[in-house]
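Peer 1: Following is a predicted model, sequence given first.
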Amino acid sequence: MNTNLEALFTDNNLSTQRKLISDICKTSPMFDCVLHKVKNRHLVDGKGHWLADFATQDYLGFDFEPRVIQAAVDATKEYGTVVAWCRLVATVDLFNRAEEEIANLIGTEAASIFASTTLLNHGVIPALLGKDGILFLDKSGHATMYEAGKIARDSGSKLVSFPTEDYDELEKLLIEHKEIPKKLIAVDGVNSMTGDYTNLPALDKLAKKYNALVYVDDAHGFGVVGERPDSDNPYGHKGNGLINYFGLDFENMVYIGCFSKAYGSFGSFIACSKRLRNFLISQATPHDLGGAGPASAMAALLEGIKINKERGDNIRKRIHELTQRALKGLTELGYDTYNKTLFPIISVHLEKGDLMIEASKILYENHILLTLAPYPMVKRGNEAFRITVTSTNTEEEIDQLIKAFSECKKLLGMS
Ligand SMILES: Cc1ncc(COP(=O)(O)O)c(C=O)c1O
């Protein structure tokens, strides 16, 4: 590409906000990090430096589970490396079997599987809204739902947003737009930064009062939280998601989950009625214009669902124990974490956001890989180090994490 064009389409396009992220990529080892070994989650970078993984979100640890790997290998031999058709044209039976299993697990009539949650949101939200709907979007909802709202707005639908957990404000908006029959309220289930659980019971009441549909993107919660939480199983049972965690019905709700986090596979689903599922086959663009994803991902998922039935609740107990250990250590060091739920997402708040790059170097030297959340990924003042705990982390790794954070205290002015 000639350098003029290159500058025009790259540097000239950097938004001031995104430029900050691009600068971090150049200066912190923790962004755009290249790993040379990941086997069994023992990470090693190009310099031979090992890292404990607190950035992955494979909560149930299925990504290196031998049975899951074998299932993916067998399916590749049987079905090839890719499913060659878009979903509208043809599919292989593994996708339909996976949809049935997911619908059974969540407790809906049907489910529709997409290649990723990003694609699902971009395809399903505009399909649901059509030309004359309205989307009420939680201000801290995932960016892909906002993008989906903008696609729908282009076809004539409206897009409004409400402050997180401000249900009075949401009700005012629902009243203001009551003449629009098709009302869709979109929220994250488990918040991807804080691990907070969205108050679905409050939303369910509002949705029933104003005849709206709630769209719950529970990409993080699926596989971890589930029905009938109690003191022995604080995340609940079965990992069948936040709607079941609260014991709600699906009259006014659709549920979205993702396989690339808890299930160590690839893809996402919407759990819904049969009629909606069949509608989406021809109306959601990723189904008629895009590829479905590899069959091996569905085989891995189906094996994961079997393991979840056999020992999922024990795996979740283990995640809970490890999360408690990490939270205790970080709090004792004096760090402020956003975690109120004990969900395995811990965002360590950085009072001085401008120290993020220097602090990330110390953490990295101390063998920790985690997710940086600088502005504009989060609001200014909310900059954080995001730690995700999975069942394959060990007690020793948690202790290493605490040690690494203790090494940062001086830089952060905490000791
Ligand atoms: C709430 C939420 N929705 C959507 C996504 C995107 O998921 P995917 O990687 O499947 O596109 C994420 C990813 O982190 C997420 O947290």
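Peer 2: That came through, no problem. Every value quoted in this text rests on a predicted model; they were computed, and no experiment measured them. Numbering: from 1, shown residues only.
Peer 1: which residues does residue 313 contact?
Peer 2: 233, 237-238 (Cβ atoms under 8 Å, 6 or more residues apart in numbering). Every C-beta, even on glycine, is put in place using the N, C-alpha and C of the backbone.
Peer 1: Recalculate using a threshold of 7 Å.
Peer 2: 233, 237 (Cβ atoms under 7 Å, 6 or more residues apart in numbering).
Peer 1: can you tell me how far it sits from the ligand?
Peer 2: Using Cβ to the nearest ligand atom, to the nearest Å, residue 313 is found at 24 Å from the ligand.
Peer 1: heads up, I number from 30, so please use that
Peer 2: Got it, the first residue is 30 from now on, which makes the last one we talked about residue 342.
Peer 1: Which residue ranges of the stretch 30-179 of the chain form strands?
Peer 2: Here the stretch 30-179 of the chain has its strands, by DSSP state E, counting those that start in this stretch, at 64-66, 72-74, 79-82, 139-143, 163-167.
Peer 1: With mean neighbour count, mean pLDDT and distance to residue 387 added, can I get those strands in JSON lines?
Peer 2: Shown next, in JSON lines, are the strands of the stretch 30-179 of the chain (neighbours: other Cβ atoms under 10 Å; pLDDT from 0 to 100; distance: least, Cβ to Cβ, whole Å):
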{"stretch": "strand 64-66", "mean neighbour count": "12", "mean pLDDT": "96", "distance to residue 387": "23"}
{"stretch": "strand 72-74", "mean neighbour count": "17", "mean pLDDT": "96", "distance to residue 387": "19"}
{"stretch": "strand 79-82", "mean neighbour count": "20", "mean pLDDT": "97", "distance to residue 387": "18"}
{"stretch": "strand 139-143", "mean neighbour count": "24", "mean pLDDT": "98", "distance to residue 387": "40"}
{"stretch": "strand 163-167", "mean neighbour count": "25", "mean pLDDT": "98", "distance to residue 387": "33"}
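Peer 1: quick one: which of the ones you listed is nearest the ligand?
Peer 2: Among the strands of the stretch 30-179 of the chain, the nearest to the ligand by Cβ to the nearest ligand atom is strand 139-143 (8.5 Å).
Peer 1: Show the model's pLDDT score for residue 44.
Peer 2: We have a pLDDT of 69 for residue 44.
Peer 1: Return the residues of this protein in contact with the ligand.
Peer 2: 145-147, 171, 173, 217, 221, 246, 248-249, 287, 289, 297 (Cβ under 6 Å from any ligand atom).
Peer 1: Now with 8 Å, please.
Peer 2: By Cβ under 8 Å from any ligand atom, the residues of the chain that approach the ligand are 86, 145-150, 170-171, 173-174, 217-218, 221, 246-249, 285, 287-290, 296-297.
Peer 1: can you tell me which of those residues are in helices?
Peer 2: When the residues of the chain next to the ligand are checked against helices (DSSP state H), the matches are 146-150, 173-174.
Peer 1: what's the farthest-apart pair in these?
Peer 2: Using Cβ to Cβ, these span at most 12.5 Å, a distance reached by 148 and 174.
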